[in-house]
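Visitor: I'd like to go over a predicted model; first the sequence, then the structure.
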Amino acid sequence: MPKARFEETMFEFLTYPQVGTDDWRYTSQSAEVRVMEMLLLSRAVLMDMANAPDFASAVGSLGGGDYALPSSGARMEDVETLLREKRATVRGLFAEWMLDETVATLFKSRSDFANLRLALRRVLTDRPVGSDYSADGNVPPDVIEQVFEEENYALFPEYLAQAAERAILGYYQDKSIPAIDHVIDRCDAEYKVAQARQLGEVFLLNLFRLQIDLTNIRTMLRLKYIEADQRNVLLPGGFLEMDRLREAMDHDYDGLGPLFFATPYHQIVDAGVGYLASHESFLKVEQQCDEYLTGYLRSTSQITAGPQPIIAYLLLKEHEIRTVRLILTAKKNLLDTKLILDRIGA
């Protein structure tokens, strides 16, 4: 195993970073959120869905709750429609509850970057711009179409215009579609961290830095698995030192656990690498990253009033929606129950 070639830093937290302090402007909104949290699907319901013998039974496991569908004759198209409606509803509630418009704009930018990624992939490969963009962003779908029809990036907000220009330059270096994704991921991460610093929001900044770390861990393991040396795709701005991540690229799988032992991510790496080595699958890495991030979001329970519980509820509900989609899609495609359980962390 290669000797470490970087100087380790001491992490300021053992498991999760700080979530900030109370903001009493959000007293009533936080109370509403606490009620809504009680309606989130329990682990037992998700387990029942995963263990259901077929798709119809899994749909039936949702019962008469928030995701109720007719178990008889339910189609995956019906599921997708329902899940999109649920996502739109929770994002609408978030916008209604969030008093800080800059924070609401920041979270809506997630859809902007996703729309930009899709539009650039189409335009740079000489396909029609299309019109099937998310309407949840700050930039309406018709403006996205207009931008690329007129090649007028001034119609975009500054963060999106810069991302478009950088992604186009990145693509034309070697006409690589993945380069579009890498540049947009970097622009997205840089924008979020910069905005959180400017706002002085401790929870937001820590959340975005954690997300960068988890993305980098997944990226590092995937690059190792395919034996690719693309270290420039790692995202700056997280808590993890870039040198540690680059060093990990030179270690064998057995050496990764000790390399991350002094970090809060040791369990993620250790469990993920073990599963990857034995099953040649990233299921456990994804599950561990999800579990870690939702753990941090749930730690906002210590806040009585503030934007933190509202942000946490948005992300937890979106995660729940993705989990329901994952399980039902797996059941529809007759995937092995053990794989589903491994992915959701049973």
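Guide: Alright, I've got the coordinates.

Visitor: can you give me the helices for the stretch 51-200 of the chain?
Guide: For the stretch 51-200 of the chain, the helices defined by DSSP state H, counting those that start in this stretch occupy 55-61, 76-97, 101-124, 141-150, 158-174, 177-199.

Visitor: In the longest helix that the chain contains, which residues are buried?
Guide: Ranked by residue count under DSSP state H, the longest helix found in the chain is helix 307-332. Within helix 307-332, the residues scored as buried using 16 or more other Cβ atoms under 10 Å are 307-318, 320-321, 323-328, 330-332. Glycine gets a C-beta too; all of them are placed from N, C-alpha and C.

Visitor: what about residue 239, which SS state?
Guide: coil (DSSP: H, G, I helix; E, B strand; the rest coil).

Visitor: wait, it sits on residue 209?
Guide: Yes - contact criterion Cβ atoms under 8 Å: residue 239 and residue 209 qualify, at 5.3 Å.

Visitor: shared neighbours, those two?
Guide: Common contact partners of residue 239 and residue 209 (Cβ atoms under 8 Å, 6 or more residues apart in numbering): residue 17.

Visitor: Tell me the confidence at residue 226?
Guide: Residue 226 carries a pLDDT value of 84.

Visitor: contacts for stretch 200-211?
Guide: So stretch 200-211 is contacted by 17-21, 103, 106, 189, 192-193, 195-197, 237-239, 292-293, 296-297, 300, 306-308, 311 (Cβ under 8 Å, 6+ apart).

Visitor: Let's see that with 6 Å instead.
Guide: For stretch 200-211, the surrounding residues in contact (Cβ atoms under 6 Å, 6 or more residues apart in numbering) are 17, 18, 19, 20, 192, 193, 196, 238, 239, 308.

Visitor: Taking those, tell me the two that lie furthest apart.
Guide: 238 and 308 (19.7 Å; Cβ to Cβ).

Visitor: Let's verify residue 342: helix, strand, or coil?
Guide: On the basis of three-state DSSP, residue 342 is classed as helix.

Visitor: isn't it right up against residue 283?
Guide: Yes - taking contacts as Cβ atoms under 6 Å, residue 342 lies within contact range of residue 283: 5.0 Å.

Visitor: So for residue 70, what's the pLDDT?
Guide: 66.

Visitor: My error: substitute residue 120 in the last question.
Guide: So residue 120 comes in at 92 (pLDDT).

Visitor: Can you report how many residues lie near it?
Guide: 23 (other Cβ atoms under 10 Å).

Visitor: Hmm, it is touching residue 180, no?
Guide: Yes - look at residue 120 against residue 180 with Cβ under 6 Å: they come within range, at 5.2 Å.

Visitor: Give me the common contacts of these two.
Guide: residue 167.

Visitor: so where's the stretch 201-346 of the chain shaky on pLDDT?
Guide: Across the stretch 201-346 of the chain, the ranges flagged by pLDDT under 70 are 346.

Visitor: So which residues of it form helices?
Guide: Under DSSP H, counting those that start in this stretch, the stretch 201-346 of the chain gives helices at 202-225, 242-248, 256-259, 266-279, 283-298, 307-332, 337-344.

Visitor: Point out the one among these that comes closest to residue 172.
Guide: Counting by Cβ to Cβ, and looking across all of the helices of the stretch 201-346 of the chain, nearest comes helix 202-225 at 22.9 Å.

Visitor: Reformat the helices of the stretch 201-346 of the chain as a markdown table; add distance to residue 45.
Guide: Below are these laid out as a markdown table (distance: least, Cβ to Cβ, whole Å):
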| stretch | distance to residue 45 |
| --- | --- |
| helix 202-225 | 25 |
| helix 242-248 | 37 |
| helix 256-259 | 34 |
| helix 266-279 | 24 |
| helix 283-298 | 16 |
| helix 307-332 | 9 |
| helix 337-344 | 11 |
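
Visitor: if we compare these, which one ends up closest to residue 57?
Guide: That would be helix 307-332 among the helices of the stretch 201-346 of the chain, by Cβ to Cβ, at 8.1 Å.

Visitor: and that closest one with helix 337-344, angle?
Guide: Helix 307-332 and helix 337-344 are oriented at 170 degrees to each other (axes from the mean of the first three to the mean of the last three Cα atoms, to 10 degrees).

Visitor: circling back: among the helices of the stretch 51-200 of the chain, which is the most enclosed?
Guide: Greatest average neighbour count among the helices of the stretch 51-200 of the chain goes to helix 55-61 (a mean of 21), per mean count of other Cβ atoms under 10 Å.

Visitor: Who are the packing partners of that helix?
Guide: helix 43-51, helix 307-332 (3 or more Cβ pairs under 6 Å, 6 or more residues apart in numbering; DSSP states H and E).

Visitor: Let me know the average pLDDT across that helix.
Guide: 86.

Visitor: what's the offset of that helix from the middle of its chain?
Guide: 26 Å (Cα atoms, centre = their mean, to the nearest Å).

Visitor: Residues contacting that helix, please?
Guide: So helix 55-61 is contacted by 48, 49, 52, 69, 71, 74, 328, 331, 332 (Cβ under 6 Å, 6+ apart).

Visitor: try it again with 10 Å
Guide: With contacts defined as Cβ atoms under 10 Å, 6 or more residues apart in numbering, helix 55-61 is touched by 41, 44-52, 54, 67-76, 78-79, 324, 327-334, 340.
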